[in-house]
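Enquirer: Here's my sequence, what's the structure:
(one chain, ligands or ions: 3)
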Amino acid sequence: MKIAVLPGDGIGTEIVAEAVKVLNALALPLEMETALVGGVAYDAHGHPLPEATLKLAKEADAVLFGAVGDWKYDKLERQFRPEQAILGLRKNLGLFANFRPAICYEQLVGASSLKPELIAGLDILIIRELTGDIYFGQPRGRRIATDGHFPGAEEAFDTMRYSRPEIERIAHVAFQAAQKRNKRVTSVDKNNVLETSQLWKDVMVEVGQQYPDVELDHMLVDNAAMQLVKAPKKFDVLVTGNMFGDILSDEASMLTGSIGMLPSASLNSSNQGLYEPSHGSAPDIAGKGIANPLATILSAAMMLRFSLNQEAAAQRIEAAVQKVLAQGYRTADIYSEGTQRVSTKEMGDAVLKALA
Ligand SMILES: NC(=O)c1ccc[n+]([C@@H]2O[C@H](COP(=O)([O-])OP(=O)(O)OC[C@H]3O[C@@H](n4cnc5c(N)ncnc54)[C@H](O)[C@@H]3O)[C@@H](O)[C@H]2O)c1
Ligand SMILES: CC(C)[C@H](C(=O)O)[C@@H](O)C(=O)O
Ligand SMILES: [Mg+2]
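Expert: Ligands and ions are numbered 1, 2, ... in the order given. Sure, this is the predicted structure:
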């Protein structure tokens, strides 16, 4: 089982090191190879996604990814910015289905900014379409406007685009995921304004007819953003497009106590996957040894489950995470009085020790 390990920038290296440590302790035949990605790859090779890194990722059974980005690269031409590496990997590997489970562990109920009763027992799954939408739609660019409110002024434009097959395949993913859970799908769009969203909704309804055992409802994205903090437990599977999913999943992360707790899996049609925490490179805390590695460790568990067919090992990791939380270990982002504040490395060590 070959894993491409791409730590990236900022806290990426710190959190991936802990996940690798946990994977190494499982006594599985895992072959891990590390490569540069993001800003560090740009610095070393002049490109955020060097050919050799892409090749390694393509040939691996799975990719374990940290995070990319730093404010110091913000002035680079877009194609050289670190974020192009993760977008390029998603596109090149065809990773259209992004799973972002938001689970509130019992011990972290107090860490969220929401009232405990709203999030206790929360277990929702956000499925985000990952290779379409305004992220990848062409044309895009900057030009001098010839029409609009200010002809002659500089303007910028992006294209929000979805095709029927792109929506169909993510719809099937969502309905099939719901069949294994509480059999409810909420499709989130903005069909009151956008053509792409109207097609999204129409296709969701059509595909939904093939899954009569799953209840489908629809919600406008602005309302969904509100409902996620009003009554998050009403959701089971939430399926949405690339841009709305990006925003709603960061919002949902706070339901779990911290963005440092939200793992993710990005899969293609042959279950090859990229596994990364939902958060970024956190330049504000990078190098301080205080980042929460649990989202990355939980992403490694998802990797074992989805791409490597190692369900028992995935469960071992998840149980170990539960155990360290029960033991009271907390990184700064989830710390509360009466618990024990630990560093990134100490949290990784605790998970290692808790592996049954
Ligand atoms: N997939 C990715 O690689 C990815 C995802 C999101 C953002 N980014 C990039 O990361 C950089 C920073 O972006 P941002 O600040 O908007 O988002 P971010 O997710 O990096 O950080 C947001 C806030 O959450 C905190 N945080 C994030 N992860 C944490 C963890 N594991 N433990 C404790 N606290 C954590 C940070 O300290 C920060 O205060 C940008 O360059 C952005 O493009 C990359
Ligand atoms: C870094 C960025 C391109 C990325 C996205 O917008 O998809 C990130 O925010 C995420 O959620 O994985
Ligand atoms: Mg995001």
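Enquirer: drop to CA atoms for contacts and neighbour counts, all remaining ones
Expert: Fine.
Enquirer: how about the residues of the stretch 51-200 of the chain near ligand 2?
Expert: Listed as neighbours of ligand 2 in the stretch 51-200 of the chain under the rule C-alpha under 6 Å from any ligand atom: 83, 87.
Enquirer: Low-confidence stretches in the stretch 51-200 of the chain?
Expert: Confidence mapping of the stretch 51-200 of the chain against pLDDT under 70 gives zero matching residues.
Enquirer: ranges for the strands of it?
Expert: For the stretch 51-200 of the chain, strands defined by DSSP state E, counting those that start in this stretch occupy the ranges 62-67, 97-103, 123-129, 141-144, 154-157, 184-189.
Enquirer: which of those is buried the deepest?
Expert: Mean neighbours per residue, mean count of other C-alpha atoms under 10 Å, is largest over the strands of the stretch 51-200 of the chain for strand 62-67, with a mean of 28.
Enquirer: nearest to ligand 1, of the strands of the stretch 51-200 of the chain?
Expert: When those are compared by C-alpha to the nearest ligand atom, strand 62-67 sits nearest ligand 1, at 3.3 Å.
Enquirer: How far does the closest one sit from its chain's centre?
Expert: Computed by C-alpha atoms, centre = their mean, to the nearest Å, the chain-centroid distance of strand 62-67 equals 11 Å.
Enquirer: Report whether it contacts ligand 1.
Expert: Yes: if you take C-alpha under 6 Å from any ligand atom as the test, strand 62-67 does meet ligand 1, through residue 67.
Enquirer: on that earlier part again, can I get the strands of the stretch 51-200 of the chain in a markdown table with distance to residue 237?
Expert: Output for the strands of the stretch 51-200 of the chain, formatted as a markdown table (distance: least, C-alpha to C-alpha, whole Å):
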| stretch | distance to residue 237 |
| --- | --- |
| strand 62-67 | 24 |
| strand 97-103 | 9 |
| strand 123-129 | 5 |
| strand 141-144 | 35 |
| strand 154-157 | 32 |
| strand 184-189 | 5 |
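Enquirer: and the residue in the stretch 151-300 of the chain that ligand 2 sits nearest to, how many neighbours does it have?
Expert: Closest contact between the stretch 151-300 of the chain and ligand 2, by C-alpha to the nearest ligand atom, is at residue 246 (4.9 Å). Using other C-alpha atoms under 10 Å, residue 246 has 18 other residues around it.
Enquirer: go on, residue 77?
Expert: If you count neighbours by other C-alpha under 10 Å, residue 77 ends up with 8.
Enquirer: Roughly how far does it sit from residue 118?
Expert: According to C-alpha to C-alpha, to the nearest Å, residue 77 and residue 118 sit 43 Å apart.
Enquirer: and the residue nearest to residue 85 when sequence neighbours are not counted, what is it in contact with?
Expert: Among residues not flanking residue 85 along the chain, residue 49 sits closest, at 4.8 Å (C-alpha to C-alpha, 6 or more residues apart in numbering). Residues near residue 49 by C-alpha atoms under 8 Å, 6 or more residues apart in numbering: 36-38, 41-42, 84-85, 88-89.
Enquirer: Assign residue 49 to one of the three secondary structure states.
Expert: Under DSSP: H, G, I helix; E, B strand; the rest coil, residue 49 falls in the coil class.
Enquirer: Run through the residues of the chain sitting next to ligand 1.
Expert: Residues of the chain found near ligand 1, taking C-alpha under 6 Å from any ligand atom as the criterion, are 67-71, 83, 259-260, 279-285, 291-293, 333.
Enquirer: hmm, try it at 8 Å
Expert: Within the chain, the positions near ligand 1 by C-alpha under 8 Å from any ligand atom are 8, 11, 15, 65-71, 73-74, 82-83, 86, 258-261, 276-286, 290-296, 331-333.
Enquirer: can you tell me the residue of the stretch 51-200 of the chain closest to ligand 2?
Expert: Counting by C-alpha to the nearest ligand atom, the stretch 51-200 of the chain gets nearest to ligand 2 through residue 83 (4.9 Å).
Enquirer: Contacts only, for that residue.
Expert: 38, 48, 68-69.
Enquirer: for residue 156, same thing?
Expert: Neighbours of residue 156 in contact, by C-alpha under 8 Å, 6+ apart: 140-143.
Enquirer: got the contacts of residue 49 as a markdown table, with neighbour count columns?
Expert: Below are the contacts of residue 49 laid out as a markdown table (neighbours: other C-alpha atoms under 10 Å):
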| residue | neighbour count |
| --- | --- |
| 36 | 23 |
| 37 | 32 |
| 38 | 29 |
| 41 | 22 |
| 42 | 19 |
| 84 | 20 |
| 85 | 27 |
| 88 | 16 |
| 89 | 19 |
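Enquirer: Farthest pair within those?
Expert: For these, the farthest-apart pair by C-alpha to C-alpha is 42 and 89; their separation is 15.1 Å.
Enquirer: Can you select the buried ones from the residues of the chain next to ligand 1 in ChimeraX?
Expert: To isolate the buried subset of those in ChimeraX, counting by 16 or more other C-alpha atoms under 10 Å, use the following:
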select :8,11,15,65,66,67,68,69,70,73,82,83,86,258,259,260,261,276,277,278,279,280,281,282,283,286,290,291,292,293,294,295,296,331,333
